[in-house]
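J.: Show me the folded form of this:
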Amino acid sequence: MFDTCPVQRSVSERSLMFKTQDGAELVGRMYLPDQRPFAAVVLNSATGVPQTFYSHFARWLAAERGMACLTYDYRGMGRSEAGPLRRVQADMADWGIRDQVAARRAVRRALPGTPLWVIGHSLGAMVLPNQPEMDDVVRVIGVASGMVHHSDHPWPYRAVALNFWFTFGPLATVLAGYFPGKALRLGEDLPAGVYWQWRKWCTSRSFYDADIGPDMPGPDWRSDAAVRLHSFADDDLIPPHCVQRLADVYGPTAQHVTIDPRAHGLKQIGHISAFSRRNKAIWSTLLEN
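T.: The predicted structure follows:
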């Protein structure tokens, strides 16, 4: 249990560099309270969202909740950039499995014996059931993480998704050699392999099942971690029923909670903005048991 009465602590920050098992070099940032943390959080980013987006939330965890927090960028992105994006060899399984496993290992080395939590935004909790080395994780908090097919999106957002997967998205990726999200005003640029595998999953009724194999283990959730997945009533990208679909993969003990922004005095949260400072009103809710 965490202290429900916020206490303001000073926070120290330091860079943390680590390697994946296949040799990719990742750069993260560790946020530490001024006392021994009662838990260490690995914060797994959403697809194409840089670690800097989560810095205010990470500082809040350390300052007001007494928790250490590691943010980091997946291979080829942000502070983990490794040359021109068209040359980056990475796919969703690299980000969602190998990089996330490496981040947990890095935290275990940095803070041995500290209870380990995982907070995953979208991709950040989507393939945890497919990963090894989850036995010592005590809490999993999913934020807008789910398994979605393009037909799950409500209109008019579905029209954007169909174009993203079937018209300008593939064409732009072929022409550029990577997905040019910035030029298209659709978020960050992405390695081509990430886009193509993401497209494969979100245009398949079986989601990632078609990729199950040596490089993409099937889901086999055996951890005793407490799992709580949060959806948002106004999330058109991952609607609540898609989050429930993922909760079913975690098993019968996983909790799924849908948050209505209006209940917290907020205009909107959507898919990305749960970690934005303007939506700080829900941060304590995300940590509830």
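
J.: can you give me the helices in this structure?
T.: All helices of the chain, identified by DSSP state H, fall at 55-65, 92-93, 100-110, 123-126, 157-166, 168-176, 192-202, 240-250, 283-286.

J.: Most tightly packed of those?
T.: Mean neighbour counts were taken over those using mean count of other CB atoms under 10 Å, and the top value, a mean of 27, falls to helix 123-126. (C-beta placed from N, C-alpha, C; glycine too.)

J.: Show me what that helix is packed against.
T.: Counting contacts by 3 or more CB pairs under 8 Å, 6 or more residues apart in numbering; DSSP states H and E, helix 123-126 packs against strand 40-44, strand 116-121, strand 137-143.

J.: Among the ones you listed, show me which one is buried the most.
T.: With neighbours defined by mean count of other CB under 10 Å, none of the helices and strands packed on helix 123-126 is more surrounded on average than strand 40-44, at a mean of 26.

J.: Now tell me what touches that strand from outside.
T.: The set of residues external to strand 40-44 that reach it, using CB atoms under 8 Å, 6 or more residues apart in numbering, is 51, 54, 57-58, 61, 67-72, 100, 103-104, 107, 110-111, 114-121, 123-125.

J.: want to throw the helices and strands packed on helix 123-126 into TSV with mean pLDDT and distance to residue 93?
T.: Conversion of the helices and strands packed on helix 123-126 to TSV gives the following (pLDDT from 0 to 100; distance: least, CB to CB, whole Å):
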stretch	mean pLDDT	distance to residue 93
strand 40-44	98	14
strand 116-121	98	15
strand 137-143	98	18
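
J.: Just put those strands in a markdown table and tack on distance to residue 287.
T.: Formatted as a markdown table, the entries for these read as follows, by distance: least, CB to CB, whole Å:
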| stretch | distance to residue 287 |
| --- | --- |
| strand 40-44 | 10 |
| strand 116-121 | 9 |
| strand 137-143 | 7 |
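
J.: right, and the ones you listed - which one's nearest residue 23?
T.: Proximity of those to residue 23 was assessed by CB to CB; the nearest stretch is strand 40-44, lying at 20.0 Å.

J.: That closest one to helix 100-110, inter-axis angle?
T.: 160 degrees (axes from the mean of the first three to the mean of the last three CA atoms, to 10 degrees).

J.: strands paired with strand 40-44, and their directions?
T.: Here the strand partners of strand 40-44, with direction, are listed using DSSP bridges: strand 68-72 (parallel), strand 116-121 (parallel).

J.: Please report how far the residue of the chain most remote from its centre lies from residue 169.
T.: No residue in the chain sits farther from the centre than residue 175, which is 28.1 Å out by CA atoms, centre = their mean. Applying CB to CB, to the nearest Å, the value for residue 175 to residue 169 is 11 Å.

J.: List just the one of the strands paired with strand 40-44 that sits closest to residue 231.
T.: With distances scored as CB to CB, the stretch of these nearest to residue 231 is strand 116-121 (12.3 Å).

J.: contacts for that closest one?
T.: Defining contact as CB under 8 Å, 6+ apart, one finds that strand 116-121 is touched by 39-46, 49, 54, 67, 100, 104, 107-108, 124-126, 128, 136-145, 225, 274-275, 286.

J.: Check the offset of it from the chain's centre.
T.: The offset between the C-alpha centroid of strand 116-121 and the centroid of the whole chain comes to 8 Å, using CA atoms, centre = their mean, to the nearest Å.
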